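>>> Pasting a predicted model and its sequence here:
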Amino acid sequence: MLNIVLFGPPGAGKGTQSEKLIEKYKIDHISTGDLFRKHLGEGTDLGKLAQKFMDEGRLVPDEVVIGMVDEKIKDSKEARGFIFDGFPRTVAQAKALDELLEMKELVISGMISLEVPEEELKNRIKERGKTSGRSDDQDESKINTRIKVYLEETLPVASYYESQGKLTKIQGVGSIDEIFTSICEVIDSY
Ligand code: AMP
């Protein structure tokens with residue numbers, strides 16, 4: 001079973017590449033950002049809880065995120081594998097994911113990190129904000145907070161997988177198809 005962590009800062013292209021990867025490899029997509037937005041749209045308690053953190057560009061507490069992912073994995077009994085997108089975002093989430101998978105005798109195949117310079121990220125997020133309808137994509141200070149949170153809280157997750165020999169960095173600048181080809185080469189080597 002293929003279990004991939006697609007990693008990178010906000011605006012790195014994780015969502016775009018995930019769409020193409022799930023089609024090629026026929027695996028399930030778990031995007032915690034998308035799941036939270038769905039809860040928000042449906043007005044669930046979980047959505048209400050997450051909203052204030054999302055509005056500020058801060059991380060939703062680990063236990064909330066982990067519970068939601070646990071449920072999603074349990075619901076996906078037929079899955080041939082998973083792409084985790086925007087998760088894990090803290091080392092505690094990464095450890096919890098290892099434990100959740102271990103209970104199913106599964107492991108993370110590898111982490112692919114999309115490397116994109118900060119200025120490019122900010123431009124991409126602002127561009128996306130014109131059509132995404134996401135308030136966190138439209139406000140300069142929220143964008144800056146999200147990048148700061150990534151550098152301080154999320155980047156250590158890359159070291160967590162690197163210490164397990166599972167990290168591959170990919171140049172995240174170029175055409176969507178070029179980047180996709182580089183990602184597929186890594187996945188096909190697993
Ligand atoms: P994203 O769509 O991945 O950019 O996520 C949008 C927002 O949802 C983030 O800024 C966080 O507030 C929240 N979020 C998404 N995934 C996580 C996660 N794994 N841990 C904590 N908060 C998250």
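Great, that's in hand.
>>> could you pull out the strands for this structure?
2-7, 28-31, 81-85, 110-115, 167-171 (DSSP state E).
>>> okay if I get the ones you listed as CSV plus mean neighbour count?
(Glycine included, C-beta is placed from N, CA and C.) Formatted as CSV, the strands of the chain follow (neighbours: other C-beta atoms under 10 Å):
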stretch, mean neighbour count
strand 2-7, 23
strand 28-31, 20
strand 81-85, 23
strand 110-115, 21
strand 167-171, 17
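>>> what's the neighbour count on the residue of the chain found nearest the ligand?
Using C-beta to the nearest ligand atom, G33 is the residue of the chain that sits closest to the ligand, at 2.0 Å. Neighbours of G33 under the rule other C-beta atoms under 10 Å: 19.
>>> Near the ligand, which residues of this structure? Just list them.
By the rule C-beta under 6 Å from any ligand atom, the part of the chain lying against the ligand is 10, 32-33, 36, 53-54, 57-60, 65, 86-87, 89, 93, 136, 146.
>>> Out of the strands of the chain, the one nearest E71 is which?
strand 28-31 (10.6 Å; C-beta to C-beta).
>>> Measure how far that closest one is from the centre of its chain, please.
9 Å (C-alpha atoms, centre = their mean, to the nearest Å).
>>> Same question for stretch 115-128.
16 Å.
>>> Run a quick check on M68 versus S31, I expect a contact.
No. Using C-beta atoms under 8 Å, M68 makes no contact with S31, being 11.1 Å away.
>>> can you pull the contacts of the residue positioned nearest the centre of the chain?
Central residue of the chain (C-alpha atoms, centre = their mean): G86, 1.7 Å from the mean position. Going by C-beta atoms under 8 Å, 6 or more residues apart in numbering, G86 touches 14, 31-34.
>>> What is the nearest of those residues to E162?
Distances from E162 to the contacts of G86, taken by C-beta to C-beta, are shortest for K14, at 18.2 Å.
>>> And for that closest one, the neighbour number?
25.
>>> In this structure it contacts L6, no?
Yes. At 4.9 Å, K14 and L6 qualify as touching, with contact defined as C-beta under 8 Å.
>>> Find residues that contact each of these two.
85, 114.
>>> Let's see the pLDDT reported for E152.
Looking at E152, its pLDDT stands at 97.
>>> same question, S132
88.
>>> quick one: it and E115, what's the gap?
22 Å (C-beta to C-beta, to the nearest Å).
>>> For D75, which of the strands of the chain is the nearest?
Across the strands of the chain, closest to D75 is strand 28-31 (C-beta to C-beta), at 9.6 Å.
>>> quick one: contacts of the closest one?
Applying C-beta under 8 Å, 6+ apart, the contact partners of strand 28-31 are 14-15, 18-19, 21-22, 69, 72-73, 76, 79-87.
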